[in-house]
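1. here you go, sequence then predicted model.
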Amino acid sequence: MDKVQAIIGFRPDGYVLTNLDAFIDLVDLMGGVEFEVPQDMYYNDPAQDLYIDLKAGLQTLNGEQAMGLVRFRYGYMNGDLDRINVQHDFLKAAAEQFLSQGSIPNASKVISILAGSMDTNLTAANMAYFARQLMMCSSEDINFYTAPNTPMTVQNLSYTFLDLYDWLAMVNDCINPYSTPITEGMLDLVYLYNGSVCCTGVLNGVGYFSMGGGSVPTEDYEEEY
């Protein structure tokens, strides 16, 4: 919760942490999710108990196949950023299929799966409220966003840095529940500005660090970095 606040500028009221087994079980409970797999996906790693074998095209994915889809990361032109897009597309398809049923199917089983897989500070009344609000949504009401970012190589390592002012605009347009806008001074993060890596918060102001010449970050920057 502290780290989320550092990134978005305000502290959320609640959190829900769900393990991966719940994802698999809920997809299966829905009877699978119809989804257009964007490319062939094959990966086998017995050490991680991970086996993925999907063919490109429209199909109904069961829970294990859906988990393979959202975990697969190889062969994308933009690596993890493309995987995030696939994850968003799948969650959108799952939400649309869920809402099309008009009610929560197998509600008692859904509650049982979540109760055994969830850590949250929400009350039962909170969760019932959000469930009712969800069922009042249309698919157009559900959107996913990726923070504006710029991938770069720094000291021979790959990073992606937030684009600060585009990020602030997204926070204020999409998730800030307050009338007061979130500003740069409310954040504590590393971002990119005019070709320089910068920090908010850690230096009681804005710290600028040159990208060129192989310079070594300051101690404060290195900790945040």
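-> Yes, it's here.

2. for stretch 35-52, the averaged confidence score.
-> Rounded to a whole number, the mean pLDDT of stretch 35-52 is 91.

3. in it, which residues are buried?
-> By neighbour count on 16 or more other C-beta atoms under 10 Å, the buried set for stretch 35-52 is 35, 37, 38, 41, 43, 52. All C-beta spots, glycine's among them, are computed from the backbone N, C-alpha and C.

4. leaving out sequence neighbours, find the closest residue to the last one.
-> Read it as residue 52. Nearest residue to residue 52 in three dimensions, chain neighbours excluded: residue 68, at 3.6 Å (C-beta to C-beta, 6 or more residues apart in numbering).

5. just the fifth one next, same as before
-> The spatial neighbour of residue 43 that comes closest, neighbours along the chain excluded (C-beta to C-beta, 6+ apart), is residue 52 at 4.4 Å.

6. coming back round to it: residue 85: which of the buried residues of stretch 35-52 is nearest?
-> residue 38 (8.9 Å; C-beta to C-beta).

7. check contacts around that closest one.
-> Residue 38 makes contact with 56, 86 under the criterion C-beta atoms under 8 Å, 6 or more residues apart in numbering.

8. angles on the backbone of it, please.
-> phi -70, psi -20 (degrees, to the nearest 10).

9. measure it to residue 92 for me?
-> Distance from residue 38 to residue 92, counting by C-beta to C-beta, to the nearest Å: 14 Å.

10. what of residue 139?
-> To residue 92, residue 139 is 7 Å away according to C-beta to C-beta.

11. just the strands in this protein please.
-> Remark: strands assigned in the chain by DSSP state E are 16-18, 33-37, 41-45, 50-54, 57-61, 118-120, 149-154, 157-163, 190-193, 196-200, 206-209.

12. now the ones you listed as JSON lines including distance to residue 5?
-> Compiled in JSON lines, the strands of the chain are given as follows (distance: least, C-beta to C-beta, whole Å):
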{"stretch": "strand 16-18", "distance to residue 5": "16"}
{"stretch": "strand 33-37", "distance to residue 5": "33"}
{"stretch": "strand 41-45", "distance to residue 5": "35"}
{"stretch": "strand 50-54", "distance to residue 5": "33"}
{"stretch": "strand 57-61", "distance to residue 5": "35"}
{"stretch": "strand 118-120", "distance to residue 5": "17"}
{"stretch": "strand 149-154", "distance to residue 5": "19"}
{"stretch": "strand 157-163", "distance to residue 5": "15"}
{"stretch": "strand 190-193", "distance to residue 5": "16"}
{"stretch": "strand 196-200", "distance to residue 5": "13"}
{"stretch": "strand 206-209", "distance to residue 5": "19"}
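
13. mean pLDDT lowest for which of the ones you listed?
-> Mean pLDDT is lowest for strand 206-209 among the strands of the chain, at a mean of 48.
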